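Participant: Sequence below, structure please.
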Amino acid sequence: MVTRWRAALGALAAVWAWGASTAHAQVAGGRCTGSAAGCTEAEISFRHREGLPVEVDIDTDWQPRNSPVQVRFRLALVGHTEMRQQGWLVGQWPEPVQLSVAGAPMGGSLETDWGLQLLARIRLNLDVEGRNYAWEGNVPYVPQVDFRATGRTVFDPWAFNEVSARGVTMRQRIADVPITDAFVRIPGVSGGFSFDAGAEIEAGWRSVRFDFGLLADPITASTMQVQGRFSAGPFVEYSPVLEGVLSYRGTLRVYPSMYVSLLGRRWALDLPNLPIAVGPFPRQVRTMPSLAHLALPDLQTDGAVLDFGDVDVGAHREETVTLRNDGELTGAVLNLQTEGPFRAETSVRSLPTRARGLVLVTFAPVAPGPSESTLVIETNDPDTPRLRVTVRGNGVGAMRPDTPDAAAVDAGVAADGGEGLYAVGDGGCGCRSAPSRAPVAPVWAAASLALMGRRRRRKN
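Facilitator: Residues are numbered from 1 along each chain as shown. You can find the predicted model right below:
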């Protein structure tokens, strides 16, 4: 019986061990620590894209101040910014399950594509020969979108320290407009206006936290591992939301050039570099949730009580407890514990999903009377790491002899091929008598010779 059970356990263990090693290689991916009793993971990804303009309205006011010839610029931003990050949500135990996030190498990107929308105005306030000439108006022919600046960066998530994407444009001519009567509408005024521009534009992203709602505390830069909450089952699902700050900043550099001639006099605008600061404009961002399905082992037994019934003292009986894995991840038996006249063993150390295994339990009573204990099966199931089965049985018969004073009865085959006999009521000897067959003839022969000698002495 024992040999048959152990052979079956060994064969099942070989098959299940192969399945378990395959499943672990698929799941672990190098993101689980070696000390973890169990580990599972699921891919997560986050994306945020927003169009521009954002609330950006830059006004340089009139420059240079108190000059008879001034220029004023207003600008807005057009385009888009996009953030992407991907990685894994990792759960490790023993109890309770600890959640952490692992970023995919270079799995983050930040991309920005900006255009600048400009409005230019000119103001003239000229005094010539006691007469004032004043005019203000838009600079014609300035295109709405003058130039674009793009930037892109890739990084390892999760960017708790800010990452940025920066774009730089070359200095380029934005407008070159002659001043005519149609433009200034002052008789005798002539001249021209032009300006160049260049930009340094940057978008930044900084992750703040992963929000799990009521299922776990948030993961932050200072708390990278938190306890997950869930009920028993073959899997658990979380939907973390990535929260962060998206910011815009930059500098637009305008190089205006202008001169005005009136009645033989000439005025020039001297602004070689007019920097216009853009931002920073921080914006709180909350991404859409990313569903993470974490597979778990879910180990169960076929019953809560294992009853051996009556077993003779000195004998033993074997029964089995069936383990099954109803989960989606490979299960493992880590340890077996029991006490008293009960022993437990198994060749099953891993159970692939939807598999079954056996634990062999032996009851060997050494004294009459009932015995009861608890079989504790330690597993890698995160919600029930210890399965408990009550084991009980009743020893019947006399106490087994384990001292020289005890009497015993046993008939069997002697070492020389004859029958052995253990006497009863021999004063506690408990020793085997002489063989009963081969010594019979010599004993009777000795008795006959003694009787014949006595008869001869009487005749004499």
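Participant: and D59, how many residues sit next to it?
Facilitator: If you count neighbours by other C-beta atoms under 10 Å, D59 ends up with 11. C-betas here are computed from N, CA, C, even on glycine.
Participant: What residues does it make contact with?
Facilitator: By C-beta atoms under 8 Å, 6 or more residues apart in numbering, the contact set of D59 is R72, F73, R74.
Participant: Looking at the residues you listed, which are in helices?
Facilitator: Of the contacts of D59, none are assigned to helices by DSSP state H.
Participant: which of those count as buried?
Facilitator: Among the contacts of D59, those classed as buried by 16 or more other C-beta atoms under 10 Å are R72, F73.
Participant: Take the contacts of D59 and lay them out in TSV including pLDDT and distance to N161.
Facilitator: Formatted as TSV, those follow (pLDDT from 0 to 100; distance: C-beta to C-beta, whole Å):
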residue	pLDDT	distance to N161
R72	85	39
F73	81	34
R74	78	35
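Participant: quick check, nearest of the contacts of D59 to T220?
Facilitator: Of all the contacts of D59, T220 sits closest to R74, with 40.0 Å by C-beta to C-beta.
Participant: what pairs with R283 across the strands?
Facilitator: Judged by DSSP bridges, the bridge partners of R283 are L246.
Participant: Touching, it and S247? I think so.
Facilitator: Yes. Using C-beta atoms under 8 Å, R283 is in contact with S247, at 6.9 Å.
Participant: who touches both of those two?
Facilitator: Counting by C-beta under 8 Å, 6+ apart, nothing touches both R283 and S247.
Participant: between these two, who's got more neighbours?
Facilitator: Using other C-beta under 10 Å, the more surrounded residue of R283 and S247 is S247, with 19 against 15.
Participant: From R49, how far out is the more buried one?
Facilitator: 16 Å (C-beta to C-beta, to the nearest Å).
Participant: Then A232?
Facilitator: Distance, A232 to R49, by C-beta to C-beta: 39 Å.
Participant: of the two, who's got more company?
Facilitator: Neighbours were counted for A232 and for R49 using other C-beta under 10 Å; A232 has more, 14 against 10.
Participant: Report the contact partners of the closest residue to the more buried one other than its chain neighbours.
Facilitator: The shortest distance from A232 to any non-neighbouring residue, by C-beta to C-beta, 6 or more residues apart in numbering, is to D383 (4.3 Å). Contacts for D383 (C-beta under 8 Å, 6+ apart) come out as E95, F230, S231, A232, G233, L296.
Participant: Could I get the contacts of D59 in CSV, plus columns for distance to G91?
Facilitator: As requested, the contacts of D59 are exported to CSV (distance: C-beta to C-beta, whole Å):
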residue, distance to G91
R72, 59
F73, 55
R74, 53
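Participant: Return the closest of the contacts of D59 with respect to T251.
Facilitator: Closest to T251, out of all of the contacts of D59 and judged by C-beta to C-beta, is F73, at 13.1 Å.
Participant: What ranges does this structure have for its helices?
Facilitator: With DSSP H, the ranges of helices along the chain come out as 2-28, 181-184, 440-459.
Participant: circling back to that earlier point, pick out the most distant pair among the contacts of D383.
Facilitator: Across the contacts of D383 (C-beta to C-beta), the longest gap, 15.0 Å, separates E95 and G233.
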